[in-house]
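Chemist: here is a sequence with its predicted model. Questions after.
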Amino acid sequence: MRQTSDQFQDIRDAVRALCAEFPDEYHRKIDAERGYPDEFVDALTKAGWMAALIPEEYGGSGLGLTEASVIMEEINRAGGNSGACHGQMYNMNTLVRHGSDEQRRRILPKLASGELRLQSMGVTEPTTGTDTTQLKTTAVKKGDRWVINGQKVWISRVQHSDLMILLARTTPLAEVKKKSEGMSIFLVDIKEAIGNGMEVKPIANMVNHETNELFFDNLEIPEENLIGEEGKGFKYILTGLNAERTLIAAECIGDGYWLTDRAAAYANERVVFGRPIGQNQGVQFPIAEAFIEIEAASLMRFDAAQRYDSGQDCGAQANMAKYLAAKASWEAANACLQTHGGFGFANEYDIERKFRETRLYQVAPISTNLILSYVAEHVLGMPRSF
Ligand SMILES: Cc1cc2nc3c(=O)[nH]c(=O)nc-3n(C[C@H](O)[C@H](O)[C@H](O)COP(=O)(O)OP(=O)(O)OC[C@H]3O[C@@H](n4cnc5c(N)ncnc54)[C@H](O)[C@@H]3O)c2cc1C
């Protein structure tokens with residue numbers, strides 16, 4: 001009985017078959033080495049999964065966010081971590097939706113073939129955090145170039161990407177009517193930028209997630225790398241963020257299944273006091289509770305994704321899916337670790353790895369409090385709290 005995870009069986013079977021070639025040992029070794037799963041990401045790219053959202057005319061499979069979410073879910077459900085490559089999915093969608101014909105023709109076929117990677121998105125800044133409209137990075141037009149100055153933090157996969165989408169202010173805050181206006185998004189050629197106005201400083205962190213501080217000192221970008229209209233970048237980024245939240249919800253759902261499967265299997269097999277520990281309700285109930293919440297989160301994920309695919313507003317659903325899924329996967333992680341007793345802490349069980357990996361999603365890409373504020377204000381009509 002797995003109603004929500006019985007849908008899209010063809011995609012699930014194919015992604016599972018690919019993931020089966022990368023067993024727990026592979027992901028464990030990469031985690032221990034703090035490495036990047038190059039072979040895994042290459043295999044996903046070659047099989048076309050990373051190009052799911054690229055329209056067929058540009059060499060992709062022209063699938064929707066719904067199917068993309070199933071791909072991400074299956075990667076995590078198989079023990080992998082989509083965090084190594086999910087950026088490409090939602091970033092390329094920004095290009096598909098808001099890029100010019102020339103940009104689409106220039107970039108999308110190369111992303112589809114794997115010749116280029118678009119894994120990075122630079123939004124967060126150290127001094128302004130979640131208060132994005134206050135960001136300090138600026139882009140100033142000089143002739144046929146944009147000149148970028150400022151700083152970003154927590155920008156992921158920069159060392160494993162060729163391109164990055166960057167959000168910068170193009171009209172000073174004091175000169176715009178609404179603070180969400182006057183920001184623009186740009187395509188940055190990472191390899192060209194490093195050493196020519198962009199410096200990358202890796203941040204050592206709790207998960208094996210390649211993430212960095214970026215410093216911009218007169219980085220020049222050609223004018224044709226502005227995406228969409230000048231000044232509308234924040235709006236474009238928000239569309240991308242809804243896709244990102246929906247995909248990350250799906251990854252948490254995959255983690256949640258992985259964790260509840262492992263917990264139930266161990267609860268059945270581990271005998272203490274002469275009976276399987278799973279016979280005790282104190283062991284069963286947290287696992288069952290997490291499973292129920294994962295199923296519910298999955299329904300909200302499909303609602304968000306289907307709305308996105310049909311062009312409807314999905315801000316509330318994407319946020320709520322992310323909230324429910326991150327909470328459910330974290331509860332599943334806690335239950336799974338507790339069920340395994342001391343063995344949960346041993347690296348070879350992979351549970352402590354998933355525990356760390358799934359915890360991230362209570363904070364990134366949007367923290368739980370900010371989702372609650374969004375729902376309170378935009379869905380329930382209460383006053384804005386900040
Ligand atoms: C591993 C990792 C990878 C990341 N990758 C990227 C990336 O690729 N690109 C990118 O742009 N960003 C990335 N981020 C940044 C991430 O999106 C932010 O960390 C996240 O949005 C939270 O912002 P912050 O860290 O600035 O926290 P802050 O904004 O400083 O908030 C700190 C805490 O205070 C709470 N808080 C703040 N204001 C309020 C309020 N008004 N009401 C209630 N609570 C409040 C928040 O909920 C949070 O818990 C990444 C972060 C991490 C940890």
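Modeler: Now that the structure is in, tell me what you want to look at.
Chemist: ok, and for stretch 121-138, which residues are buried?
Modeler: Neighbour-count burial for stretch 121-138 flags 121-125, 132, 135, 137-138 (criterion: 16 or more other Cβ atoms under 10 Å). For the C-beta atoms, the positions are set from N, CA and C on the backbone; glycine is no exception.
Chemist: what about these, which are in strands?
Modeler: In this view, these that belong to strands under DSSP state E are 121-122, 138.
Chemist: adding pLDDT, write those residues out as CSV.
Modeler: Formatted as CSV, those follow (pLDDT from 0 to 100):
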residue, pLDDT
121, 97
122, 98
138, 98
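Chemist: need those residues in TSV (columns: distance to residue 52).
Modeler: Converted to TSV, those look like this (distance: Cβ to Cβ, whole Å):
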residue	distance to residue 52
121	18
122	23
138	35
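Chemist: now do the SS call for the residue of the chain found nearest the ligand.
Modeler: Closest residue of the chain to the ligand, Cβ to the nearest ligand atom: residue 129 (2.6 Å). The local conformation at residue 129, judged by DSSP: H, G, I helix; E, B strand; the rest coil, is coil.
Chemist: for residue 141, what are phi and psi?
Modeler: Per-residue torsions, residue 141: phi -80, psi 130 (degrees, to the nearest 10).
Chemist: right, I mislabeled it, should have said residue 228
Modeler: Dihedral angles for residue 228 - degrees, to the nearest 10 - are phi 70, psi -150.
Chemist: for it, what are its contacts?
Modeler: Neighbour list for residue 228: 98-100, 184-185, 236 [criterion: Cβ atoms under 8 Å, 6 or more residues apart in numbering].
Chemist: so when I look at residue 220, I'm seeing a helix, right?
Modeler: No: counting by three-state DSSP, residue 220 is located in no helix; its state is strand.
Chemist: what is the neighbour count of it?
Modeler: When neighbours are counted by other Cβ atoms under 10 Å, residue 220 registers 15.
Chemist: for it, give its distance to residue 196.
Modeler: Relative to residue 196, residue 220 is positioned 8 Å away (Cβ to Cβ, to the nearest Å).
Chemist: now for whichever strand or helix holds residue 10, which elements pack on it?
Modeler: Taking DSSP states H and E as the definition, residue 10 sits inside helix 9-20. With contacts taken as 3 or more Cβ pairs under 8 Å, 6 or more residues apart in numbering; DSSP states H and E, helix 9-20 sits against helix 65-77.
Chemist: packing partners for the helix it packs on?
Modeler: Counting by 3+ Cβ pairs under 8 Å, 6+ apart, helix 65-77 packs on helix 9-20, helix 86-98, helix 233-269, helix 281-309.
Chemist: could you identify the helix or strand that succeeds the second one?
Modeler: Of the helices and strands lying after helix 86-98 in sequence (DSSP H and E), the nearest is helix 101-113.
Chemist: and that next one, what's buried?
Modeler: So helix 101-113, judged by 16+ other Cβ under 10 Å, has buried residues 103-104, 106-112.
Chemist: also stretch 295-312?
Modeler: 295, 297-298, 300-309.
Chemist: what does stretch 207-217 give?
Modeler: For stretch 207-217, by 16+ other Cβ under 10 Å, it's 207-214, 216.
Chemist: related to what we said a few turns ago, so which of the buried residues of stretch 121-138 are also by the ligand?
Modeler: Counting by Cβ under 6 Å from any ligand atom, 121-124 from the buried residues of stretch 121-138 sit close to the ligand.
Chemist: would you turn the buried residues of helix 101-113 into CSV with distance to the ligand and pLDDT?
Modeler: Compiled in CSV, the buried residues of helix 101-113 are given as follows (distance: Cβ to the nearest ligand atom, whole Å; pLDDT from 0 to 100):
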residue, distance to the ligand, pLDDT
103, 21, 96
104, 23, 96
106, 23, 95
107, 19, 96
108, 21, 96
109, 24, 97
110, 21, 97
111, 17, 96
112, 22, 95
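Chemist: quick one on the thing from earlier: what is the nearest of the ones next to the ligand among the buried residues of stretch 121-138 to residue 178?
Modeler: residue 123 (18.0 Å; Cβ to Cβ).
Chemist: pretty sure that closest one contacts residue 152?
Modeler: Yes: between residue 123 and residue 152 there is a contact under Cβ atoms under 8 Å: 7.5 Å.
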